[in-house]
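Trainee: could you work out the structure for the sequence below:
(chains A and B)
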Amino acid sequence: MSFRSSRGLFAYAVFTALATLGLICMGGLVTSKGVGMAVPDWPTSFGYNMFALPVNQWFHGGVFDEHTHRLWASTVGVLVVFLVRFLGGVESRRPLAWIGAVEVALGASLLAVGPSWKGAGHFLMGIGGVVLLAALTGFRGQRAAAPLPTLGWLSFWAVQIQGLLGGLRVVLDQWVVGDLTLGLILGLVHGCLGQGFFVLLGVIAFCLSPLWESISLSRPSGPGAGVPFWFGLGCGLVVLQLILGASMRHQHAGLAIPDFPTAYGRWWPDVDSESLVRYNQNRVDESSVTAFQILLQMAHRIGALAVVVSVGMSLGSARSRYGAASPVGRLAAVWLAIVLAQFALGASILWTHKAADVATAHVALGAAALLTGTLLILVARKLSLPECGTAPVGVVPVFAARSAR
Amino acid sequence: MNTMLKLVAAVSTAALPLTAAEVTGKVSLKGTPPPEKVIAAVKADANCGKVAQGDAKTRIYLVGPDGGLANTIVYVKKGLEGKTFTAPATKVDIDQAGCMYQPYVSAAMVGQTLAIKNSDPFMHNVNVQPKVAGNKGFNIAQATQGKVDEKSFEKPELGIRFACNVHPWMIAYVSTFENPFFAVSDDKGNFTIKGDLPDGKYTLEAYHQKGGAVTQDIEVKGGKAKADFTIEVKAAQ
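Mentor: Below is the predicted model:
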């Protein structure tokens, strides 16, 4: 088996990245609807092997969202294992075989621990089996250009850690650390890592794309080439916003302030104890909010403004340095469009009283904003190199290497 | 004859505690709370829609025609320090029927058994996360109709939240106390605390999940006392 060209590998990587974006949406829906604990056990589902849950139990209220998220995540896991295999070429077979064998052996040993570990044992053996299958696959393609195989391995470990985090978030939900439950902490990390994982797969797909290869190697005329400061700032702010947003979502405090653009009728809300009593008395849902949660949302609002400004400045900088029609200029325009849409979606969450689909779209678009910013930096770096693809210095020149054919 | 008299006396003592007390009163709401909402998801759900009884609504502020506020816990907060009480053998029933918890608010003594039942012909999960250390949380699936799980809490805590994540609008609250002197106000706001509460001075607290808490000092004389409470909801802005 072999991809006839790098286009096949590119298509596979795009499919994997899109499947991951879908997985983020599914996870977003689970959190938005508050159904993450609808299935109390993991990796089993109501005691069943996850893949053998009766359909009538699957299609039932919040179980549908949570169980679909689990199955979808497993599918993405399989896709990533084979992505590693395809990116790594023949050289990837040996490490995959070892990892698969170890996972199968570990799973088998869990079966011996006791009946309560049976589900975990079968699940781990299943994962190991898929990894072994990838190792045994007769794909003879060449190893992709560096650092794509390394990025593939990063995604391999990321998806396994991400799956484990998602599972532990369920089984350790009741554990308390300080004032927080472990479920909340792990859910927050799970949500953030999911975004990073998607960006990683998006970068892999982009580096395999014809667009990446076709980006002009000619440097922009005149001084000022390079990665504008605003690109890095914008990306950093988007990351900060994703963390703040995930913190709000996993505390179910997205409506800590119910109005927008004002906050409890003012530009800056009071958060003294008397005001909090008034706010909570008048909330139209079951939850109560704290001063911290209100300030968290205010930080998210300010962060949103900062992102819009920095991405707007990024566009101006991209146009002045590279030209509006250049790949950088066009990508920066797309970035600004995404960020503006994201801003509008954020406001809509409050106006719709956190409609699950709107909140989920906000999560997905946040991931898209981070990916676009990251790609923008990569493209700008590529265009800034003296002779892109031949200067073997640092990480970015490696990105310029042509992908495997 | 002597034996017969002793037997009658023993039976009388057991049936009619000499210290039986009754603290009565009413909880009223002042102010205008946000209106309750119809939970459209109940009828929209393929299973719940079949068992729902009418339009399910939120039950945050249930106010009677004369301003009485339901679902308020009234309990003896001070005055019983140093005394210990044994949890009654009776169980507190918490039912899941028509994709709603019944009752919405209940109370129990620490160590008292809560009988959590699923009356619906499909699965609910019961996810409980107490906040007070020593109270153990749980998340159990109740797949079959009529299934009952029994749980209890070991520490006093106000408003332990019970939630179903399969049907995330399903919420109930249980409060636990170290003494048996508590009651939940009815749909007219009335409450009656019954039991062997000795004559003396106490502090009562009326606690509403959203409205907050108000306290009042009372004196039980001759086994009787009366206390009315007003919980005020102020405008948010």
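Trainee: CA only for contacts and neighbour counts going forward, please
Mentor: Will do.
Trainee: that's a strand at residue A:118, yeah?
Mentor: No: assessed with DSSP: H, G, I helix; E, B strand; the rest coil, residue A:118 is helix; it does not lie in a strand.
Trainee: confidence score at the nearest residue to it once chain neighbours are set aside?
Mentor: Closest residue to residue A:118 apart from its sequence neighbours, by CA to CA, 6 or more residues apart in numbering or on different chains: residue A:111 at 4.9 Å. pLDDT, residue A:111: 94.
Trainee: how many neighbouring residues does the closest residue to residue A:271 other than its chain neighbours have?
Mentor: Of all residues not flanking residue A:271 in the chain, residue A:291 sits nearest, at 5.3 Å (CA to CA, 6+ apart). Residue A:291 has 15 neighbours, counted by other CA atoms under 10 Å in any protein chain shown.
Trainee: which residue of chain A sits farthest from its center?
Mentor: Centroid-distance maximum for chain A: residue A:274 at 39.2 Å, with CA atoms, centre = their mean.
Trainee: and that one, how far from residue B:236?
Mentor: 10 Å (CA to CA, to the nearest Å).
Trainee: still on that earlier bit, so what's the residue nearest to residue A:271 up against?
Mentor: By CA atoms under 8 Å, 6 or more residues apart in numbering or on different chains, the contact set of residue A:291 is A:271, A:272, A:276.
Trainee: identify the residues contacting the last one.
Mentor: With contacts taken as CA under 8 Å, 6+ apart, residue A:276 has the following neighbours: A:289, A:290, A:291.
Trainee: closest one of those to chain B?
Mentor: Nearest to chain B among the contacts of residue A:276 is residue A:289, at 11.1 Å by CA to the nearest CA.
Trainee: hmm, that closest one is touching residue A:254, no?
Mentor: No: using CA atoms under 8 Å as the test, residue A:289 is too far from residue A:254 to be in contact (9.9 Å).
Trainee: looking at those two, which has the bigger crowd around it?
Mentor: residue A:254 (25 against 19).
Trainee: surely that one meets residue A:354?
Mentor: Yes: with contacts counted by CA under 8 Å, residue A:254 reaches residue A:354, the gap being 7.4 Å.
Trainee: helix/strand/coil for the most centrally placed residue in chain B?
Mentor: With distances taken as CA atoms, centre = their mean, the residue of chain B nearest its centroid is residue B:106 (2.0 Å). With three-state DSSP as the basis, residue B:106 sits in strand.
Trainee: for it, name its beta-bridge partners.
Mentor: Beta-bridge pairing for residue B:106 (DSSP bridges): residue B:174.
Trainee: who's in contact with it?
Mentor: Here residue B:106 is in contact with B:71, B:73, B:92, B:173, B:174, B:175, B:184 (CA under 8 Å, 6+ apart).
Trainee: got phi/psi on the third one?
Mentor: The one in question is residue B:92. phi -100, psi 120 (degrees, to the nearest 10).
Trainee: show me what contacts it?
Mentor: B:106, B:107, B:108, B:112, B:113, B:114, B:115.
Trainee: if I look at residue A:227, what pLDDT would I see?
Mentor: Model confidence at residue A:227, given as pLDDT, is 82.
Trainee: that one touches residue A:380, doesn't it?
Mentor: Yes: proximity of residue A:227 to residue A:380 meets the contact threshold set by CA under 8 Å, at 5.4 Å.
Trainee: which parts of chain A sit against chain B?
Mentor: Residues of chain A lying close to chain B by CA under 8 Å from any CA of the partner chain are A:33-40, A:46, A:60-63, A:174, A:264-265, A:275, A:277-284, A:286, A:288.
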